[in-house]
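Chemist: 3D model of this:
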Amino acid sequence: MLNSELLHDLSIKIKELTKNSPIADLDKNIHALIQGALTKMELISREEYDVQTEVLKQTKEKLNALEKKLESIEDLLQKSQK
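Modeler: Down below sits the predicted model:
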(Lines give C-alpha, C1' and ligand atoms only; values in the text may rest on other atoms or scores of the structure.)
Protein backbone atom coordinates (compact mmCIF):
# COMPACT_ATOMS: atom_id res chain seq x y z
CA MET A 1 0.00 0.00 0.00
CA LEU A 2 1.20 3.51 -0.75
CA ASN A 3 1.64 5.77 2.20
CA SER A 4 0.15 9.25 2.31
CA GLU A 5 3.54 11.00 1.99
CA LEU A 6 4.28 9.18 -1.26
CA LEU A 7 0.81 10.06 -2.59
CA HIS A 8 1.29 13.67 -1.57
CA ASP A 9 4.66 13.86 -3.35
CA LEU A 10 3.18 12.24 -6.44
CA SER A 11 0.32 14.71 -6.42
CA ILE A 12 2.72 17.65 -6.19
CA LYS A 13 4.81 16.32 -9.08
CA ILE A 14 1.73 15.86 -11.25
CA LYS A 15 0.57 19.42 -10.49
CA GLU A 16 4.01 20.78 -11.38
CA LEU A 17 4.04 18.86 -14.65
CA THR A 18 0.59 20.01 -15.68
CA LYS A 19 1.17 23.61 -14.59
CA ASN A 20 3.48 24.29 -17.53
CA SER A 21 1.76 22.06 -20.05
CA PRO A 22 -1.14 22.55 -22.44
CA ILE A 23 -3.32 20.75 -19.90
CA ALA A 24 -3.32 23.87 -17.72
CA ASP A 25 -4.49 25.98 -20.66
CA LEU A 26 -7.14 23.41 -21.47
CA ASP A 27 -8.38 23.52 -17.89
CA LYS A 28 -8.60 27.33 -17.99
CA ASN A 29 -10.41 27.24 -21.33
CA ILE A 30 -12.91 24.65 -20.16
CA HIS A 31 -13.54 26.66 -16.99
CA ALA A 32 -14.12 29.84 -19.03
CA LEU A 33 -16.39 27.97 -21.44
CA ILE A 34 -18.51 26.54 -18.64
CA GLN A 35 -18.72 29.91 -16.91
CA GLY A 36 -19.81 31.55 -20.17
CA ALA A 37 -22.48 28.92 -20.75
CA LEU A 38 -23.85 29.32 -17.24
CA THR A 39 -23.91 33.10 -17.64
CA LYS A 40 -25.87 32.77 -20.89
CA MET A 41 -28.39 30.56 -19.12
CA GLU A 42 -28.92 33.40 -16.64
CA LEU A 43 -28.81 31.07 -13.65
CA ILE A 44 -29.12 32.57 -10.20
CA SER A 45 -27.92 31.43 -6.82
CA ARG A 46 -30.18 29.68 -4.35
CA GLU A 47 -29.96 32.74 -2.10
CA GLU A 48 -31.19 35.03 -4.88
CA TYR A 49 -33.97 32.55 -5.68
CA ASP A 50 -35.10 32.55 -2.04
CA VAL A 51 -35.06 36.37 -1.95
CA GLN A 52 -37.13 36.60 -5.13
CA THR A 53 -39.56 33.97 -3.81
CA GLU A 54 -40.09 36.03 -0.66
CA VAL A 55 -40.59 39.22 -2.70
CA LEU A 56 -43.16 37.43 -4.86
CA LYS A 57 -44.98 36.13 -1.77
CA GLN A 58 -45.18 39.64 -0.29
CA THR A 59 -46.34 41.06 -3.62
CA LYS A 60 -49.12 38.49 -3.84
CA GLU A 61 -50.25 39.35 -0.30
CA LYS A 62 -50.33 43.06 -1.15
CA LEU A 63 -52.23 42.36 -4.37
CA ASN A 64 -54.82 40.31 -2.49
CA ALA A 65 -55.25 43.10 0.08
CA LEU A 66 -55.67 45.70 -2.68
CA GLU A 67 -58.20 43.51 -4.49
CA LYS A 68 -60.25 43.24 -1.30
CA LYS A 69 -60.11 47.02 -0.79
CA LEU A 70 -61.13 47.62 -4.38
CA GLU A 71 -64.01 45.18 -3.99
CA SER A 72 -65.26 46.98 -0.88
CA ILE A 73 -64.95 50.38 -2.60
CA GLU A 74 -66.91 49.08 -5.60
CA ASP A 75 -69.57 47.74 -3.23
CA LEU A 76 -69.82 51.13 -1.51
CA LEU A 77 -70.13 52.89 -4.86
CA GLN A 78 -72.86 50.55 -6.01
CA LYS A 79 -74.79 51.02 -2.76
CA SER A 80 -74.47 54.80 -2.92
CA GLN A 81 -75.73 54.88 -6.52
CA LYS A 82 -78.95 53.03 -5.59
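Chemist: so how far is residue 15 from residue 23?
Modeler: 10 Å (Cβ to Cβ, to the nearest Å). For glycine as for every other residue, the C-beta is placed from the backbone atoms N, C-alpha and C.
Chemist: same thing with residue 34?
Modeler: 21 Å.
Chemist: got it, and residue 60?
Modeler: The separation that residue 60 has from residue 15, given Cβ to Cβ, amounts to 52 Å.
Chemist: swap in residue 5?
Modeler: 16 Å.
Chemist: got the domain boundaries for the chain?
Modeler: 1-43, 45-82 (automatic domain parsing).
Chemist: Compare the mean pLDDT across those and name the weakest.
Modeler: The stretch with the lowest mean pLDDT among these is domain 1-43, at a mean of 76.
Chemist: those helices in the protein, which residues are they?
Modeler: 4-19, 22-40, 46-81 (DSSP state H).
Chemist: on that earlier part again, I'd like the domains of the chain as JSON lines, with mean neighbour count appended.
Modeler: Shown next, in JSON lines, are those (neighbours: other Cβ atoms under 10 Å):
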{"stretch": "domain 1-43", "mean neighbour count": "10"}
{"stretch": "domain 45-82", "mean neighbour count": "10"}
